[in-house]
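Peer 1: after the sequence you'll find the predicted model.
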Amino acid sequence: MITPPPAAWLDAEGDALLAFARGAATDLGFGTLDDAGTVPDPARAELWITCRMTHVFALAALRGRPGAAELADHGVAALTTTFADAEHGGWFTAVEQGPDGPRPAGEAGGRKGAYPHAFVLLAAASATAAARPGAADLLARARAVSTTRFWDDEAGMVRESFDRTFTEPEDYRGVNANMHTVEAYLAVADVTGEDLWLDRALRITRRVVDGEARAHGWRLPEHFTPGWRPLLEYNRDQPAHPFRPFGATVGHWLEWARLTLELRAALAARGRDPEPWTLEAPRALVEGAAREGWAVDGADGFVYTVDFAGAPVVRQRMHWVVCEAIGAAAALHAATGEEAYADWYRTWWDYARRHLIEAPGRWHHELAPDNTPAAGTWSGRPDVYHAYQATLLPRLPLAPALAPALAAGLLEG
C-alpha cells in the first residue's frame, strides 16, 4: 500500500463523500448536486448520475456503511422502472416528473447513448456483487442491450447513440463512451465469469490505446466518424464542452492508463499472457499527462485539454482529472513497484487536499487556472464517483474490479 494519505484518512474521506452524496436521492433516482449538497431540480434526473451514485452506494454497501444498501436499492429500483423504456428497450438519458408520472425529459431525454448505458452496466454489476435485490435481473437486461444495440463486432467498439427506437444512429463515434464501456465490461466479466466481456474490453482497448493513442504520440483523439476516422477539429468552437471537448483530454489519458493496467491484470488472473503494450502504453500515457498536462502554465494542477501539438487549450482544473491521476499512479506503482509513480501519487493527493477538498466530503469540481473555485464547465458538485473511487483504488488489487474485490475482502487497511 502506498502512503500518504493513510488508510484511516482515506476511510474518513470516503465516508464524508458518502454523507454528502446522500442528499442526491430523489423520487426519480439520484439528482445532480449543487455546492450545498442538495438537488436544485428534484423533478429531473440524469441516467448517468443515477447509475454512478448507485455504483458508489453499492461499493459502500459492500463495506457495510450504514444506509448504503438502501440507497443502492433505490438506484436499482429507479433503473428497473423509472428510466427503463418498456416499449423500445434500453434506458432514457434523462427523465422528469410529468402529470402522469415519470417521462423522458424532452427529445434529448429519450435518446439512448452508449455512455450512460455503460454506467447502467457498471451500476448493475456492482449492485449484483453486493447481492442487492433485483440487481442480477437488471444486469441481464443491460448485458442484452449492450450486445444487441451498442456493440459493433466488426469494429470491435460500441456505437455512440440512437434515437428512442434504436433505428437512427448518431453520425459520430466517441472514445469516451468506449472508455466507460471498458470499465463496465471488466466489472461484468468478473461478476458473471463470462470471458466474452473481457475479450470485448481487450478489443476496444487495443484499438484505442495501442492503436489511436500510439499513432498520435499518446495524445488520444476523442472524436471519430462512423468509420472510425479521427475528427481532430471536432468542437473547436466548443473547447470546454463537458463531454466532447476539442483536442485531447488529459484526464482520459490517465483513466485509460489505469483501465489498461486493470485489463492486463484481469487477463493474467485468467492465465492469459497480456500483450507487452498493456504495460508500455500506461507508462506513456501517464508520463505524457504529467509532461503536457501537469503544472504547465505556472500553477499546479492538470489542464483540461491540449491540442495535438501538446499546447494547452482549456486550462481549467477538473477534480475528476486529479482523481484519475491518483488512480493511474497507484496502478502503475502496483504494476511496476517503481518509486517514481509513488512520488506522483503523493504529489497528486497533496494537490487534491490543498486545492480541491474544501471540507471533508466536499470537493470543488472545477478550478480556474489559478486554483480558485470556478464553474465554467461544471456547476455544483454533481456526484462523488471519481472522488470516492480515489479513496479505494490505491488499496485494492488491479483485478478483480472494484465491487468484486470488495466482496472478496481484498481492501487493504
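Peer 2: Yep, that arrived.

Peer 1: what element comes up after the longest helix anywhere in the chain heading to the C-terminus?
Peer 2: Determined from DSSP state H, the single longest helix within the chain is helix 250-269. Later in the chain than helix 250-269, the nearest helix or strand by DSSP states H and E is helix 277-293.

Peer 1: next helix or strand past that next one?
Peer 2: Next in line after helix 277-293, if elements are assigned by DSSP H and E, sits strand 305-306.

Peer 1: what does that next one rub up against?
Peer 2: 219, 239-240, 245-250, 292-293, 312-314 (CB atoms under 8 Å, 6 or more residues apart in numbering). In this view, the C-beta of every residue, glycine as well, is placed from N, C-alpha and C.

Peer 1: if you set the cut-off to 6 Å instead, what comes out?
Peer 2: Pro245, Gly247, Ala248, Thr249, Glu292, Pro312, Val313, Val314 (CB atoms under 6 Å, 6 or more residues apart in numbering).

Peer 1: in strands, which of the residues you listed appear?
Peer 2: Ala248, Thr249 (DSSP state E).

Peer 1: please identify which of the contacts of strand 305-306 is nearest to Ala69.
Peer 2: Nearest to Ala69, judged by CB to CB, of the contacts of strand 305-306 is Thr249 at 34.5 Å.

Peer 1: shaky segments in the stretch 201-350 of the chain?
Peer 2: Along the stretch 201-350 of the chain, the model assigns pLDDT under 70 to no residue.

Peer 1: quick revisit: most widely separated two among the contacts of strand 305-306?
Peer 2: The two members of those with the most space between them (CB to CB) are Pro245 and Glu292, at 15.2 Å.

Peer 1: I'd like the next helix or strand past the helix or strand containing His117.
Peer 2: Per DSSP H and E: His117 is located in helix 114-129. Where DSSP H and E defines the elements, the next helix or strand beyond helix 114-129 is helix 135-145.

Peer 1: residues of that next one that come out buried?
Peer 2: The neighbour-count check on helix 135-145 (16 or more other CB atoms under 10 Å) flags Ala135, Ala136, Leu138, Leu139, Arg141, Ala142, Arg143, Val145 as buried.

Peer 1: next: stretch 154-168.
Peer 2: Ala155, Gly156, Met157, Val158, Arg159, Glu160, Ser161, Phe162, Arg164, Phe166.

Peer 1: quick one: end-to-end distance for that stretch.
Peer 2: 19 Å (CA to CA, to the nearest Å).

Peer 1: and that stretch, what's its mean pLDDT?
Peer 2: For stretch 154-168, the mean pLDDT works out to 98.

Peer 1: quick one on the thing from earlier: chain center to the longest helix of the chain: distance?
Peer 2: With CA atoms, centre = their mean, to the nearest Å as the basis, helix 250-269 stands 12 Å off its chain's centre.

Peer 1: packing partners for it?
Peer 2: helix 175-192, helix 195-205, helix 277-293, helix 319-336 (3 or more CB pairs under 6 Å, 6 or more residues apart in numbering; DSSP states H and E).

Peer 1: among these, which is nearest Gly361?
Peer 2: Of all those, helix 319-336 comes closest under CB to CB, at 12.7 Å.

Peer 1: quick one: the closest one to chain centroid distance?
Peer 2: On CA atoms, centre = their mean, the centre of helix 319-336 falls 13 Å from that of its chain.

Peer 1: wait, isn't Gly327 in contact with Leu393?
Peer 2: Yes. Contact criterion CB atoms under 6 Å: Gly327 and Leu393 qualify, at 4.3 Å.

Peer 1: what separation is there between the spatially most central residue of the chain and Trp253?
Peer 2: With distances taken as CA atoms, centre = their mean, the residue of the chain nearest its centroid is His180 (5.6 Å). According to CB to CB, to the nearest Å, His180 and Trp253 sit 15 Å apart.

Peer 1: ok, Leu33 next?
Peer 2: On the measure of CB to CB, Leu33 and Trp253 end up 27 Å apart.

Peer 1: and those two? which has more neighbours close in?
Peer 2: Trp253 (31 against 23; other CB atoms under 10 Å).

Peer 1: contact partners for the more buried one?
Peer 2: With CB under 6 Å, 6+ apart, Trp253 has these contacts: Leu285, Gly288, Ala289.

Peer 1: tabulate those in TSV, adding columns for distance to Phe302 and neighbour count.
Peer 2: Below are the contacts of Trp253 laid out as TSV (distance: CB to CB, whole Å; neighbours: other CB atoms under 10 Å):
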residue	distance to Phe302	neighbour count
Leu285	13	27
Gly288	12	22
Ala289	7	29
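
Peer 1: was I right about Val145 contacting Gly90?
Peer 2: Yes. Using CB under 6 Å, Val145 makes contact with Gly90 at a distance of 5.1 Å.

Peer 1: quick revisit: would TSV of the helices and strands packed on helix 250-269 with distance to Leu411 be doable?
Peer 2: Output for these, formatted as TSV (distance: least, CB to CB, whole Å):
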stretch	distance to Leu411
helix 175-192	15
helix 195-205	23
helix 277-293	23
helix 319-336	13
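
Peer 1: that concludes my questions; thank you for your assistance.
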